[in-house]
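[1] A predicted structure for the sequence below; I have some questions about it.
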Amino acid sequence: MSRPFFFVRIMKNDAFTLVEVLIALFIVAVGLFALLAIPIAATKLFVHTADHEQAMFIATSKLDSLEAAETVPANGTEDGFTWQISGSTDAGTDGTIYSINVTWDSVLGDKGITVQRLVAVDASP
């Protein structure tokens, strides 16, 4: 029994076409570029975290100095970080609320943090 004409393959070809190969290469290339971006993003995040930690250290050390009644300049620069201190009197506690703003140029752009602390007036004689 023979098959009808429309069921017969005219030519048997088991190879891939050039278009199929190019599409496969494009998909593989996109995947590889995505994998290569992971270490770069992780490095940027690590550097940003280290910078943020350094900024917090600078802010808390300046506020600790103020709390210890040491003289601290109102602004300055330290290791590429710029800081500025401002203070306002808190009438409810007779203390001063100090606010320090630390800014730096990060790998992710200009960044900054603000830390506040209430420093009570020393009431000891």
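    Noted; the coordinates are in hand. What you see is a predicted model; the values in this text were computed from it and never measured. Residues are numbered from 1 along each chain as shown.

[2] before we move on, which element is Trp104 in?
    Assigned by DSSP states H and E, Trp104 belongs to strand 95-106.

[3] so for that strand, mean pLDDT?
    Taken as a whole, strand 95-106 carries a mean pLDDT of 91.

[4] and that strand, what's buried?
    By 16 or more other C-beta atoms under 10 Å, the buried positions in strand 95-106 come out as 95-96, 98, 100-104, 106. For the C-beta atoms, the positions are set from N, CA and C on the backbone; glycine is no exception.

[5] stretch 54-61 too?
    Using 16+ other C-beta under 10 Å as the burial criterion, the residues of stretch 54-61 that qualify are 54-55, 58-59.

[6] and stretch 21-30, by the same measure?
    Buried residues in stretch 21-30 (16+ other C-beta under 10 Å): none.

[7] and the worst-scoring helix or strand of the chain on mean pLDDT, what does it pack against?
    Here the helix or strand of the chain ranked lowest by mean pLDDT, DSSP states H and E is strand 81-90, holding a mean of 89. Identification of packing neighbours for strand 81-90 by 3 or more C-beta pairs under 8 Å, 6 or more residues apart in numbering; DSSP states H and E yields helix 18-67, strand 75-78, strand 95-106.

[8] please redo it, this time with the cut-off set to 10 Å
    Taking 3 or more C-beta pairs under 10 Å, 6 or more residues apart in numbering; DSSP states H and E as the contact definition, the neighbouring helices and strands of strand 81-90 are helix 18-67, strand 75-78, strand 95-106, strand 109-119.
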